[in-house]
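Novice: generate coordinates for the sequence data below:
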Amino acid sequence: MNKKITKYRTFADVAEERFREHPEDVAGFLETVFEEYEKDPDEGALLSALRQVAKAQGGMTELARKTELSRERLYKTLSQEGNPRLKNLRRILQAFGYTLTFKPIKEA
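Specialist: Have a look, this model is predicted:
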């Protein structure tokens with residue numbers, strides 16, 4: 001008896017495809033990710049989001065070329081346990097076409 005095995009796509013797979021097909025969605029995604037990070041400073045979730053964008057924009061090899069960081073460094077930096085230096089985060093965001101900006105915290 002042959003059972004058909006259904007393979008489900010992960011959120012990361014769906015996000016990667018979406019950003020590849022609709023690069024204009026990356027800005028809103030990153031803005032939301034950083035807003036959520038302000039509420040719940042989960043570095044793993046933030047780094048996971050950056051990995052999804054990196055995959056959609058050509059993968060780690062392309063990101064390494066743009067940032068002049070090694071692929072190994074990028075994999076470590078954007079891993080669940082990663083702890084990127086500010087200068088490396090800046091380089092990654094610039095490779096995506098964005099920059100770090102600062103704004104005042106809204107008063108409650």
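Novice: give the buried residues for stretch 64-81.
Specialist: Buried positions in stretch 64-81, judged by neighbour count with 16 or more other Cβ atoms under 10 Å: 64, 66-67, 69, 74, 77-78. (Glycine included, C-beta is placed from N, CA and C.)
Novice: Ala49 touches Glu31, doesn't it?
Specialist: No: applying Cβ atoms under 8 Å, one finds Ala49 not in contact with Glu31, separated by 10.9 Å.
Novice: what separates Arg91 from Lys103, distance-wise?
Specialist: Arg91 is 22 Å from Lys103, where distance means Cβ to Cβ, to the nearest Å.
Novice: residues touching the most centrally placed residue in the chain, list them.
Specialist: Central residue check for the chain by Cα atoms, centre = their mean: the C-alpha nearest the mean position is that of Leu50, 1.0 Å away. Neighbour list for Leu50: 78, 92 [criterion: Cβ atoms under 8 Å, 6 or more residues apart in numbering].
Novice: re earlier: neighbour count for Ala49 and Glu31, which is higher?
Specialist: Under the neighbour definition other Cβ atoms under 10 Å, Ala49 and Glu31 were set side by side, and Ala49 has more, 20 against 11.
Novice: so what's the more buried one up against?
Specialist: Residues touching Ala49, when contacts are defined by Cβ under 8 Å, 6+ apart, comprise 29-30, 33.
Novice: swap in Val33?
Specialist: Val33 neighbours (Cβ under 8 Å, 6+ apart): 45-46, 49.
Novice: repeat that for Arg9.
Specialist: If you count contacts by Cβ under 8 Å, 6+ apart, then Arg9 has nothing around it.
Novice: what's the helix or strand for it?
Specialist: For Arg9, there is no enclosing helix or strand under DSSP states H and E.
Novice: what do you get for Gln52?
Specialist: Taking DSSP H and E as the criterion, the element that holds Gln52 is helix 43-56.
Novice: over to Thr6?
Specialist: Thr6 is part of no helix or strand when elements are defined by DSSP H and E.
Novice: mind checking the SS state of Lys4?
Specialist: When the structure is split into helix, strand and coil by DSSP: H, G, I helix; E, B strand; the rest coil, Lys4 lands in coil.
Novice: what about it, how many residues nearby?
Specialist: Once other Cβ under 10 Å is used to define contacts, Lys4 is seen to have 4 neighbours.
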